[in-house]
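Chemist: show me the folded form of this:
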Amino acid sequence: MIKLFYLLFIFSSLGCSTTSKTTHVWPNDNQVFLVDTTNKIKPEINFTPKTNDKRAMRVALLLPFFTNEINFDSIGIKIISIGNSSNLALEYMRGFQIALDSLDRAGVQLNLTIFDSQKDTNRIISFMNSTAVKNADVVIGPINNVGLAISSKLIAPKKQVIFSPLSSSQSIASANPSFVLANAGLKAHCEQLALFINTKYPNKKVIILYRHNKGESEYANYFKSALKSKVIELTEKSDSNLFKITDYLTSIDNNIVIIPSFDEEFVNSISKKLFELTDYYKITLFGMPTWTEMETLQLNYLQKLNTHITTTFYTDDTLKRNIQFKNEYTNKYPSRPNEYTYQGYNLILSIAHLWKQYGDKWFEHIQQPIKGLGIDYDFQAVILNGNLSTDFIENKHVFILSYKNNKLIKEK
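Modeler: Alright, predicted model coming up:
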């Protein structure tokens, strides 16, 4: 069985409640812990269910805590260090715990079983065949693509709902209508950006600059299929001299330029060239979600080019809700919440509220829009290759941001 100090570490790290309102059962060596939240305080939030709750919702969560990498002292009691590989799961679980506290106050009943997947395929297969997972109303995780693909295939015949909490790869989701991508895939990012251009800049000429490789060509095609405006494609095959973009720019109107690239060196080079043209041309640039992670991109370039990008996560720290959430988090944990915290918080909160309203019919209502905290959900059925039935469900919502006043501002 799991040693006592092992369990205490999980308690302290994950912020698991140890009050009399919550009971804990230690099922086996592979499972981290089980939280039974069926006996809760009376709700403080006015929440009228459409169906009577006859039982608690059963949730199985698979995350890579890497508890096997914890360093203890020589007698195995005091924790010396926790590896960086555990941080993602810990932050996600802390957001989960903040949501559980909120659900406690709302009187929502959950049975939560948590597994340490360690990104180990054999462990994941074992967990997927466990009683806790087989009986779950919803499975969240694992997070790695290989584990998700295997889990989706194992769970598909039982028509259980499984969420990919972080990965947005469509390649792991096909042929399972109960598989849900909690985050929008790159195609959705491109389509939503194109929709924004269609709405805000109708009938404008659009120039797409990209290199003729598999990735950038694919993203360019997403834009081309969604844009209503005339599209001019410039690739290194059409012109090797930085595309000679000036041949296609106009000095009397706004020039819409899209760079569907994730390559930092390429984006840096082209954005610098475009920036040098802004004394003569008005340019509005549209880029990809990972641009915020590119360390060498010049902020002054992006601002002068009125650059727009997409993201699935955005918070305004001046809003009251965000301030309250951060205060609740910092009062409970010795750190600041990050994107993984918000991911865990929003997903379980949204799922549990649907369960509260609709009981075991909750998944039939998954496509109703849900506004979260830093993350919104617009789950839609995805049908591929002309199929007649749903291949999987995907959150299509993305935020569109622009660079202004040395920061990113939400446009949509």
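
Chemist: so where's the stretch 101-250 of the chain shaky on pLDDT?
Modeler: Along the stretch 101-250 of the chain, segments meeting pLDDT under 70 span 174, 237-243.

Chemist: show me where it has strands.
Modeler: 110-116, 138-140, 161-164, 179-181, 206-209, 231-234 (DSSP state E, counting those that start in this stretch).

Chemist: the stretch 251-400 of the chain now?
Modeler: 255-258, 283-286, 308-311, 370-371, 376-377, 379-382, 392-395, 399-404.

Chemist: make TSV from those and add mean neighbour count to it.
Modeler: No exception for glycine: its C-beta is placed from N, CA and C like everyone else's. Shown next, in TSV, are the strands of the stretch 251-400 of the chain (neighbours: other CB atoms under 10 Å):
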stretch	mean neighbour count
strand 255-258	24
strand 283-286	22
strand 308-311	22
strand 370-371	16
strand 376-377	20
strand 379-382	18
strand 392-395	24
strand 399-404	20
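
Chemist: so what's Leu154 up against?
Modeler: Counting by CB atoms under 8 Å, 6 or more residues apart in numbering, Leu154 touches Ile125, Met128, Asn129.

Chemist: so who does the last one touch?
Modeler: For Asn129, the contact set (CB under 8 Å, 6+ apart) comprises Leu154.

Chemist: any idea how far Ile143 is from Pro64?
Modeler: 7 Å (CB to CB, to the nearest Å).

Chemist: mutual contacts of these two, please.
Modeler: Common neighbours of Pro64 and Ile143 (CB under 8 Å, 6+ apart) are Leu88, Ser117, Lys119.

Chemist: the last one: how many residues sit nearby?
Modeler: Applying the criterion other CB atoms under 10 Å, we find 15 residues in the vicinity of Lys119.

Chemist: for Tyr210, which non-adjacent residue is closest in space?
Modeler: Nearest residue to Tyr210 in three dimensions, chain neighbours excluded: Glu216, at 4.0 Å (CB to CB, 6 or more residues apart in numbering).

Chemist: I figured the one you found hits Ile270, correct?
Modeler: No. The pair Glu216 / Ile270 is not scored as a contact, 11.7 Å apart, by CB atoms under 8 Å.

Chemist: shared neighbours of these two, anything?
Modeler: Common neighbours of Glu216 and Ile270 (CB under 8 Å, 6+ apart) are Ser261.

Chemist: which residues in this structure form helices?
Modeler: 4-14, 87-106, 121-128, 131-134, 145-155, 186-200, 214-226, 264-276, 299-304, 320-332, 339-358 (DSSP state H).

Chemist: buried ones in the fourth one?
Modeler: It refers to helix 131-134. By 16 or more other CB atoms under 10 Å, the buried positions in helix 131-134 come out as Ala132, Val133.

Chemist: Ala188: neighbouring residues, count only.
Modeler: Burial of Ala188 is recorded as 24 neighbouring residues (other CB under 10 Å).

Chemist: for the one 5 residues further on, same thing?
Modeler: A count of nearby residues for Leu193, using other CB under 10 Å, gives 26.
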